[in-house]
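S.K.: Give the three-dimensional model of this entry:
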Amino acid sequence: MHVAFERCTLVYATNLRIRAPGDSPNTDGIHIQRSTNVSIDYSIIQTGDDCISIGNGAKYINISKIDCGPGHGISIGSLGRKGQTEEVEFVHVRDVFFNRTTNGVRIKTWQGGHGYARNIKFERIISQGSTRPIIIDQYYCPHQHCENQTSAVEVSNIGYSEISGTTHKEIAVKLACSEWSPCKNITMKDINLRNEDEGKQTSSYCLNAEGYRNGRVYPNVSCLQLQDDAF
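M.R.: Next up, the predicted model:
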């Protein structure tokens with residue numbers, strides 16, 4: 001980890017340049033937790049882990065004008081490890097460029113956890129060859145085996161708008177939500193994520209997610225209902 005904001009209030013960080021090899025483990029660019037009113041902008045982050053990770057107790061976080069890659073993208077979490085109660089809310093991520101990252105905008109929670117990730121907005125995002133530009137993963141497990149649990153960190157009120165670019169995999173949008181605590185009020189508007197191989201299409205994966213879509217949403221996210229006034 002390069003930079004950490006913990007138990008902080010009213011932080012403004014700008015014009016940062018953070019670099020680490022793309023294959024270096026545990027090299028998060030910036031980590032935020034137990035902090036309120038943190039703004040980060042106009043920065044370039046190249047790491048072997050999350051460019052920015054937002055953990056327990058973070059709220060009113062504003063991230064903008066970030067160039068990220070290589071790295072694992074911008075992540076909410078992971079939350080709920082070992083059954084912990086963890087909470088993140090009121091996060092706004094906008095005007096971010098992902099360059100061949102493993103993820104774009106991601107929310108990741110462990111099975112068995114408690115708490116919530118809510119009121120989070122991602123907008124004006126560009127992906128260039130990222131693996132998973134949009135992902136919610138309530139089954140996060142970086143190990144070979146994790147036991148199934150019957151509780152989960154609640155994920156709700158998540159908005160995605162004006163997200164475009166390319167991926168080098170088929171599945172561009174992955175919403176893998178818990179059977180016991182489905183993702184609620186997921187909204188998407190003006191999404192256009194294409195396969196960088198022009199001969200191939202992209203698709204979405206949807207499990208236990210509820211919400212709405214309007215405008216152009218490609219690939220189609222069928223678990224979200226079409227509604228003209230979703231926003």
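S.K.: Name the SS class of Asn26, please.
M.R.: Of the three states, Asn26 takes coil according to DSSP: H, G, I helix; E, B strand; the rest coil.
S.K.: tally of neighbours for it?
M.R.: Asn26: 10 surrounding residues under other C-beta atoms under 10 Å. In this view, the C-beta of every residue, glycine as well, is placed from N, C-alpha and C.
S.K.: Could you do Pro142 as well?
M.R.: Pro142, neighbours per other C-beta under 10 Å, totals 8.
S.K.: Name the SS class of it, please.
M.R.: coil.
S.K.: The protein: helices as residue ranges?
M.R.: Taking DSSP state H as the test, none of the chain falls into helices.
S.K.: Paired strands for the lowest-mean-pLDDT helix or strand in it, with orientation please.
M.R.: Across the helices and strands of the chain, the lowest-confidence element by mean pLDDT, DSSP states H and E is strand 225-226, at a mean of 94. Next to strand 225-226 in the sheet, as set by DSSP bridges, lie strand 209-218 (parallel).
S.K.: Output the strand it pairs with as CSV, nothing but the C-alphas.
M.R.: Provided in CSV are the C-alpha atoms of strand 209-218 (Å, rounded to 0.1, in the frame of the first residue of the first chain):
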residue,chain,number,x,y,z
ALA,A,209,-29.8,-8.4,-8.9
GLU,A,210,-32.8,-6.0,-9.1
GLY,A,211,-33.1,-2.6,-10.6
TYR,A,212,-33.6,-0.6,-13.8
ARG,A,213,-31.9,0.5,-17.0
ASN,A,214,-32.7,3.2,-19.5
GLY,A,215,-31.0,4.8,-22.5
ARG,A,216,-28.6,2.5,-24.4
VAL,A,217,-27.3,-0.3,-22.3
TYR,A,218,-24.9,-2.6,-24.1
